[in-house]
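Q: here is my input; please provide its structure:
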Amino acid sequence: MTGEAGPEMAPLVAPDEADEADSTAGLVDSEGLVDSEGLVDSEGLVDSEGLVDSEGLVDSEGLVDGGSVFRTAIVSSVALDLPSQHPMVVVREAEPPWRQVQFRVGLPDGTALACALRRIETPRPLTHELLGEVLAGFDIDVVAVRLVGRQQGTYFAELDLRGRTGRRVLSCRPSDALVVALRQAVPAPILVADALFDGEGDVLPQA
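A: Below is the predicted model of the structure:
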């Protein structure tokens, strides 16, 4: 976690709305895609331990190609701690012990993330919505987004994409990754490197 929690936060997404977003917007269970615990359990995407183990995402030990251990997670809240103008994003595990990481983002990024979390449609597509439409138009799936590292308080993420010509992993900002994940018709899995939940020290992304 970075920064101080500070005094009472004015949430961009109210607690009850965030809970509702967790249970309705971020989780799709009518088709068995995501269960009541926030775990994708059909198609073999996420197993009962919260580890992604199919499609080569994460093996049975929670490892990606022998690298970092990843845990499934959800965006718990996006809150603004006045007078700061940098919203705090809280991402927590989708199952006990409910550990979390938090980091600040720019106000436009926080607003975009809050809208995506609440599934708010805008009159005209915002940048992330436009990106989502482009990906869908070219039959490119967002396999998963991952928070992979932290250096001097700055978090690093990646987009795992799969299209007709194959699969590619792109480095990106966590805020962009999370908005893209939440803006999918079926929200893409959010994976967090297990080491990021332990303290505030640097965690080098695995090559």
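Q: for the closest residue to D141 other than its chain neighbours, grab phi and psi.
A: Nearest residue to D141, sequence neighbours excluded (Cβ to Cβ, 6 or more residues apart in numbering): R162, at 4.9 Å. C-betas here are computed from N, CA, C, even on glycine. For R162, the backbone dihedrals (degrees, to the nearest 10) come out as phi -140, psi 130.
Q: correct me, but R162 touches V143?
A: Yes - in this structure, R162 is within contact of V143 by Cβ atoms under 8 Å, at 5.2 Å.
Q: who's more crowded, these two?
A: Neighbours per residue (other Cβ atoms under 10 Å) separate R162 from V143, with V143 holding more: 19 against 16.
Q: is I140 in contact with G163, as I believe?
A: Yes - between I140 and G163 there is a contact at 4.0 Å, judged by Cβ under 8 Å.
Q: these two - which one has more neighbours?
A: Shown here are I140 and G163; by other Cβ under 10 Å, I140 has more neighbours (17 against 12).
Q: after the lowest-mean-pLDDT helix or strand in the chain, which helix or strand is next?
A: Ranking every helix and strand in the chain by mean pLDDT, DSSP states H and E puts helix 15-20 at the bottom, with a mean of 42. For helix 15-20, the succeeding helix or strand toward the C-terminus, using DSSP states H and E, is strand 70-80.
Q: other SSEs contacting that next one?
A: Counting contacts by 3 or more Cβ pairs under 8 Å, 6 or more residues apart in numbering; DSSP states H and E, strand 70-80 packs against strand 10-11, helix 15-20, strand 88-93, helix 107-117, strand 190-193.
Q: that one pairs with which strands?
A: Strand pairing for strand 70-80, using DSSP bridges, gives strand 10-11 (antiparallel), strand 88-93 (antiparallel), strand 190-193 (antiparallel).
Q: most tightly packed of those strands?
A: Of all these, strand 190-193 carries the top mean neighbour count, a mean of 27, counting by mean count of other Cβ atoms under 10 Å.
Q: ok, and what's touching it?
A: 52, 57-58, 68-75, 91, 93, 101, 144-149, 178, 181, 203, 205-206 (Cβ atoms under 8 Å, 6 or more residues apart in numbering).
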